[in-house]
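[1] One predicted model, sequence on top.
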Amino acid sequence: MTEPTDNEVVVEVTGLSKSFGDLEVLRGIDLRVTRGEVVCVIGPSGSGKSTLLRCVNLLEEPNGGTVVVNGIELTDPDVDIDTARAKIGMVFQSFNLFAHLNVLNNLTVAQRKVLKRSQAEAEEKALANLDRVGLTGRENSLPNQLSGGQQQRVAIARALSMDPDVMLFDEPTSALDPELVGDVLGVMRKLADDGMTMLVVTHEMQFAREVADKVLFMDGGYVVEQGPPAQVIGDPQEERTKTFLSRVLNPVHPEAN
Amino acid sequence: MAMSKRKRAKVVRLVQYGILVALILVLAFTANWGKIRSTFFDLEVAKGMFPEVITVGLFNTVIYTALGFGFGLAIALVLALMRLSTVRVYRWISGLYIEFFRGLPALLVILAVGTGVPLAFGTFLDKYVALMIALGIVASAYMAETLRAGIQAVPRGQVEAARSLGMSPGRTMVTIVIPQAFKIILPPLTNELILLTKDSSLALFLGASVTEYELTQFGRVALNESRSLTPVLVAGLCYLIITIPLSYLSRYLERRTGGKKISTPESTGLGVSS
């Protein structure tokens, strides 16, 4: 990869390791995301990619290494983690919309309680972001009245309403019916085009190929291969990458590759 | 001799109806209906109880129960949060409190608060305050465990979403978790309210002035004056006016929340149907 000189580093992960009991999930991960960059993390399940993402906003406490976001070291035990997290948007596989709040309140609650914005300001911000994900008019719906694809778009709008410096996506389309995946990916592509800094864990190879600036292939807690998508997905060098990609891209005839 | 399934079902049903009819006939011809009516359904006595049975008896029962329930819920919330605290001492204190008061008869607690506290501290304790505290203590021990289970039944993802938006643990608990926990535990809480309504009758052991009578005491006094059991029946019906709608409400809420079951040690004791 070219070393960005004029680009500001937003996320810097160095030597990150994480174990669950005896199970080592991450074994020394280095990762850097610069402003406006879209980085996709791919790999087989159990490779540690979701754990890596959850370490970036410290939903998982790493055992070693450092995570620096916007110049703030999150792994410092004395850091104000809540203030830092307010500027790191997170989108989950299972949406996790607040089940007892309608769409509008899902989008305003953290703005008011965390950023101390006024009700009017928060609502204005919420409606603008709801429009951005194509869900204008649904502000009074409860989460369980929406389809999975709509819920995920609301979740994206909720994260965007905090004006984050970076957005983390944890397999955002894995829980969706196939015909709803496109809506969510469309919103994400538009975000990328608007210059949002994004770190995306995904199984959607086409999205990674077309939208990502950089792709990381992880396996067994290591970053096996990284580079532009044309290189990692189009012309993989490592055997493990080739095996994984052949299984994902050609699931019906894996032996043909 | 072998019977077909259909025939056997028919015979069994006929036998059951037969027994029922026989019992009713025996009762109808042997019982002294005049006597029974004057004992249980003396209209004059029943009329004499109104309107005070409502304006005093039912009113005070509702007030005592509401005070105890409100106070108990507040203590229960604190206990539940202590039970989930990272500080071990808090978990111990809460666990000890719950085990202690859950294991005592409600009557003992009411006597201890109502007569023991004024004796020990040499103060006068208002009847309403005493019952609020005593019934609150009794209810809180049960509700704390229900609340704890409700809090733990809120999906982990809700907490993660709130924390990832920058909410502190306390803010997450108050704004996101507790409102959803209450929704989950509404059916068992309604059952606790029914139990407490009945427990409020134990107030009669504290002694009270006429205006402080709750339903049971009101019925007992009327019983002594009338030499008829009618007052007991009237008081009983008044309890049902409160408890039957509550139990329908509880069942409705349970159906609405999809009958989501939460496991508490006393869920069977609370009558939470599966």
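    Perfect, thanks for sending it.
[2] where does whichever residue of the stretch 101-250 of chain B sits closest to chain A land on pLDDT?
    Using Cβ to the nearest Cβ, the closest approach of the stretch 101-250 of chain B to chain A is made by B:Gly166 at 3.0 Å. Any C-beta I mention is one placed from the backbone N, CA and C, and that applies to glycine too. With respect to pLDDT, B:Gly166 scores 96.
[3] per-residue pLDDT, the nearest residue to it once chain neighbours are set aside?
    Nearest residue to B:Gly166, sequence neighbours excluded (Cβ to Cβ, 6 or more residues apart in numbering or on different chains): A:Ala86, at 3.0 Å. pLDDT recorded at A:Ala86 is 96.
[4] my guess is A:Ala86 meets A:Met162, correct?
    Yes - counting by Cβ atoms under 8 Å, A:Ala86 does reach A:Met162; the two are 5.7 Å apart.
[5] Overlap of the contact sets of the two?
    A:110, A:114-115, B:165-166 (Cβ atoms under 8 Å, 6 or more residues apart in numbering or on different chains).
[6] Which one of those is nearest to B:Thr39?
    A:Ala110 (66.2 Å; Cβ to Cβ).
[7] For the closest one, give me its contacts.
    Contacts of A:Ala110 by Cβ under 8 Å, 6+ apart are A:86, A:158, A:161-162, B:162, B:165-167.
[8] switch the cut-off to 10 Å
    Taking Cβ atoms under 10 Å, 6 or more residues apart in numbering or on different chains, we find A:Ala110 in contact with A:85-86, A:98, A:117, A:122, A:158-159, A:161-162, B:161-162, B:164-167, B:171, B:175-176.
[9] Are we agreed that it is in a helix?
    Yes - A:Ala110: assigned to a helix according to DSSP: H, G, I helix; E, B strand; the rest coil.
[10] pLDDT at it, what is it?
    At A:Ala110, the predicted lDDT confidence score is 97.
[11] B:Lys5 now?
    90.
[12] got it, and the one 4 residues further on?
    At B:Ala9 the predicted local distance difference test score is 93.
[13] what do you get for A:Met218?
    Predicted confidence (pLDDT) for A:Met218: 95.
[14] What count of nearby residues applies to the residue nearest to it when sequence neighbours are not counted?
    Spatial nearest neighbour of A:Met218, chain neighbours left out: A:Gly43 (3.8 Å); criterion: Cβ to Cβ, 6+ apart. By other Cβ atoms under 10 Å in any protein chain shown, 26 other residues sit near A:Gly43.
[15] Same question for B:Ser201.
    Neighbour tally, B:Ser201, other Cβ under 10 Å: 20.
[16] likewise the one 5 residues further on?
    A count of neighbours around B:Leu206, defined by other Cβ under 10 Å, yields 18.
[17] And it, its phi and psi?
    phi -90, psi -10 (degrees, to the nearest 10).
[18] next one: A:Thr75
    phi -80, psi -10.
[19] Show the contacting residues for it.
    Per Cβ under 10 Å, 6+ apart, neighbours of A:Thr75: A:13-14, A:16, A:55, A:58, A:61-62, A:64-68, A:81.
[20] Show me what the lowest-mean-pLDDT helix or strand in chain A is packed up against.
    Ranked by mean pLDDT, DSSP states H and E, the helix or strand of chain A with the weakest confidence is helix A:239-249, at a mean of 91. For helix A:239-249, the packing partners by 3 or more Cβ pairs under 10 Å, 6 or more residues apart in numbering or on different chains; DSSP states H and E come out as strand A:38-42, helix A:205-211, strand A:214-219, strand A:222-227.
[21] ok, the last one: who's next to it in the sheet?
    Strand A:222-227 has its sheet partners listed here by DSSP bridges as strand A:214-219 (antiparallel).
[22] what secondary structure does the residue most central in space within chain B sit in?
    Residue closest to the average C-alpha location in chain B (Cα atoms, centre = their mean): B:Leu195, at 1.5 Å. With three-state DSSP as the basis, B:Leu195 sits in helix.
[23] ok, back up a step: quick one: the least confident helix or strand of chain A to strand A:214-219, angle?
    100 degrees (axes from the mean of the first three to the mean of the last three Cα atoms, to 10 degrees).
[24] Would you check that B:Gly219 makes contact with B:Val56?
    No - counting by Cβ atoms under 10 Å, B:Gly219 sits too far from B:Val56 to count as a contact (11.4 Å).
[25] shared neighbours of these two, which are they?
    Residues within reach of B:Gly219 and of B:Val56 at once, by Cβ under 10 Å, 6+ apart, are B:Tyr213.
[26] Comparing those two, which residue is more hemmed in?
    Using other Cβ under 10 Å as the criterion, B:Gly219 and B:Val56 rank with B:Gly219 on top: 25 against 18.
[27] if I pick the more buried one, what's in contact with it?
    Here B:Gly219 is in contact with B:49, B:53, B:57, B:201, B:204, B:213, B:229-236, B:238-239 (Cβ under 10 Å, 6+ apart).
[28] What residues does the stretch 151-257 of chain A have near chain B?
    A:155, A:158-159, A:161-162, A:164, A:168, A:170 (Cβ under 10 Å from any Cβ of the partner chain).
[29] now do 8 Å
    By Cβ under 8 Å from any Cβ of the partner chain, the residues of the stretch 151-257 of chain A that approach chain B are A:155, A:158-159, A:162.
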